[in-house]
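> sequence first, predicted model second:
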Amino acid sequence: MGWIVLAAVGVLIAWVIFGYNRLVSLRNQVANSWRQIDVQLKRRHDLIPNLVNAVKGYMRYEQETLQRVVEARSRAVAARGVTEAAQRETELSGLLGRLFALMENYPELKANQNVLQLQEELTSTENRIAFARQFYNDVAMKYNIARETFPNNLLAALFRFQPAELFAVSDEQERAVPTVEL
């Protein structure tokens, strides 16, 4: 009888150790994937002032748009947490899209190699950010599932593992299907 109790206690201890270590591993993967997004966002934030400076002289009539991009960048840099960062970065993406659209009206800009290179780097960075967000959401989902399913939910509650936030589209305009006119 003593061996059975001892074996049951051993199995319970092994389950706690394994479950706890799995949750810690997933939580650290979520943190790491957030850092990967952060690296790409910093790259984006560093490129924006260069682009604004490069187009400023050409876009004399678009100073308000340029100022709004700079202000949105500042708000994005100051964002804390996934939800706030997602909101600020969505705002910044919208303004960058507007800036790129306005740049199409300036033939001198379309011919300027520095502007074209900065535009290409920003586009490449946007793609990296999208990939990093997708990876983050995948890892955060795995962590949240592990945290919420039985019996890990008992350990998660005991050790106070918090849910990971997911990147989501918060702007209803971004959810809308674009209209294409030919």
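In hand now; what should we look at?

> what mean pLDDT does stretch 59-67 have?
For stretch 59-67, mean pLDDT rounds to 84.

> right, I mislabeled it, should have said stretch 14-31
96.

> where does the prediction get shaky in the protein?
Applying pLDDT under 70 to the chain flags residues 169-182.

> can you give me the strands in it?
Counting by DSSP state E, one finds no strands in the chain.

> with adjacent residues omitted, what lies nearest to the residue nearest to the spatial centre of the chain?
Closest residue to the average C-alpha location of the chain: R133 at 4.4 Å, with C-alpha atoms, centre = their mean. Nearest residue to R133, sequence neighbours excluded (C-beta to C-beta, 6 or more residues apart in numbering): F167, at 4.7 Å. Placement of C-beta: from N, CA and C, glycine included.

> just R22 next, same as before
Using C-beta to C-beta, 6+ apart, the nearest residue to R22 is A146, at 6.3 Å.

> which ones are touching that neighbour?
Applying C-beta atoms under 8 Å, 6 or more residues apart in numbering, we find A146 in contact with 22-23, 26, 152.

> go on, L116?
K110.

> how far away is it from I48?
Going from L116 to I48 by C-beta to C-beta, to the nearest Å gives 16 Å.

> go on, P163?
32 Å.

> look at the two and report which has more neighbours.
A direct count of neighbours by other C-beta atoms under 10 Å for P163 and I48 places I48 higher, at 23 against 12.

> and the gap between the closest residue in space to the more buried one that isn't next to it in sequence and M1?
Nearest non-adjacent residue to I48, counting by C-beta to C-beta, 6+ apart: R73, 4.9 Å away. Distance of R73 to M1, computed by C-beta to C-beta: 69 Å.

> which one's more surrounded, those two?
R73 (23 against 5).

> correct me if wrong: the more buried one contacts K42.
No - using C-beta atoms under 8 Å, R73 makes no contact with K42, being 11.3 Å away.

> buried set for stretch 65-83?
65-66, 68-69, 72-73, 76-77, 79, 82 (16 or more other C-beta atoms under 10 Å).

> off-centre distance for it?
Centre-to-centre, stretch 65-83 and its host chain are 14 Å apart (C-alpha atoms, centre = their mean, to the nearest Å).

> what about K56, neighbour count?
K56, neighbours per other C-beta under 10 Å, totals 12.

> that one reaches L66, doesn't it?
Yes - using C-beta under 8 Å, K56 is in contact with L66, at 6.2 Å.

> now F150. Its backbone dihedrals?
Backbone geometry at F150, expressed as degrees, to the nearest 10, gives phi -70, psi 140.
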